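Undergrad: Got a sequence here, can you build the structure:
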Amino acid sequence: MNALTLFGPLRARATQRPLSLAAAVVVLALFLLGTLPHTAAAQGANAEDPDASPVWQQLRTSLFQQRPIATGDDAQIGLEAPVRAEDAAIVPISVSTRFEQTPERYVRKLWLVIDNNPSPVGAVFTFTPESGKADIETRVRVDAYTHVRAIAELNTGELMMSTRFVKASGGCSAPPGKDQAAAMATLGKMRFRVDGDVRARQPVLAQLMISHPNNSGLVMDQLTRHFTPAHFVRRIDVSYAGKPILTAEVDFSISENPNFRFYFVPEGEGELRAEVVDTDDLHFDTAVRLQPGS
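TA: Just a heads-up that it's a prediction; the model follows:
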């Protein structure tokens, strides 16, 4: 099939849990905003030296302790990002690996870090051998000139990183593309797109599109002078034929209407399913059935 857009049944359910996660993230973000101008200025002066970033030095110790991280020619991972973003609220990011996922050697986790964002760890992706490739494309918000990093952890324990410097600012506090009423009217609607022919035991490129405002909590309404409450997607689970192929723990660094391109390997007929949870504890799910060719 060629570039099919696939719609599945959509269901949403909600519980009455408080916004504890969103509130905690936004409180931290507001605190960090007070220190970011100095950090951003320092990093702007060290654009050619990714290791000089004070934020990264702290995150590296917190996330990976003193474990070695391969970079440059030694890293089998690539990161693509614009040098200067046209729109800081919608910055395209593409991560690719130079090997396929196999049970013997595969990327287990992938961290997407945006050093100078209010919440620097924008996403943590979990892959499996059934992912086929640990490649991911998405769109992010960038709040200040910053290094953007993709750090992969293999099942062998190896760590590897690719880094790009992106010139953009104000993405996390930029006004949304449409008003809240319109955004809420389509909240949680999802669709899959599958590119090319779906063949058994071959990596298939798929795209998941989610309708969600992904409010950061840092945008001020110019009429009321109040901040729009934080409300964003926080977890995504994608499976095929009951086997997990992608899990994403994300926050408001992901742009409005989250969009992800990824791979999976179908062994035969099965259901491609996505389950999404946001910070209001709203659950959304959708699924489509695929019949791979030989």
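Undergrad: how about low-confidence regions in the stretch 1-150 of the chain?
TA: Along the stretch 1-150 of the chain, segments meeting pLDDT under 70 span 1-46.
Undergrad: how about the helices in it?
TA: Taking DSSP state H, counting those that start in this stretch, the helices of the stretch 1-150 of the chain run over residues 20-33, 36-45, 54-64.
Undergrad: Taking the centroid of this protein, which residue is nearest it?
TA: With distances taken as Cα atoms, centre = their mean, the residue of the chain nearest its centroid is residue 123 (4.5 Å).
Undergrad: Next, the contact list for that one, please.
TA: 111-112, 138, 248-251, 253-254 (Cβ atoms under 8 Å, 6 or more residues apart in numbering). The way it works is simple: take the backbone N, C-alpha and C, and place the C-beta from them, glycine included.
Undergrad: which parts of the helix or strand harbouring residue 285 are buried?
TA: Secondary structure assignment for residue 285, by DSSP states H and E: strand 283-290. By neighbour count on 16 or more other Cβ atoms under 10 Å, the buried set for strand 283-290 is 283-288, 290.
Undergrad: How far off centre is it?
TA: Distance, stretch centre to chain centre, for strand 283-290: 19 Å (Cα atoms, centre = their mean, to the nearest Å).
Undergrad: Partner strands of it, with direction?
TA: Note on strand 283-290: by DSSP bridges, its sheet partners are strand 11-13 (antiparallel), strand 270-278 (antiparallel).
Undergrad: what's the average pLDDT for that strand?
TA: Averaged across strand 283-290, the pLDDT comes to 96.
Undergrad: what do you get for stretch 193-202?
TA: Mean predicted confidence for stretch 193-202 is 90.
Undergrad: Output that stretch as CSV, nothing but the C-alphas.
TA: The C-alpha trace of stretch 193-202 is given here as CSV (Å, rounded to 0.1, in the frame of the first residue of the first chain):
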residue,chain,number,x,y,z
ARG,A,193,-0.2,6.6,8.2
VAL,A,194,1.8,3.8,6.7
ASP,A,195,4.2,4.6,3.9
GLY,A,196,5.0,2.1,1.1
ASP,A,197,4.0,-1.6,0.9
VAL,A,198,3.6,-3.5,4.1
ARG,A,199,5.7,-6.6,3.8
ALA,A,200,6.1,-9.4,6.4
ARG,A,201,9.5,-9.4,8.2
GLN,A,202,10.5,-6.1,6.7
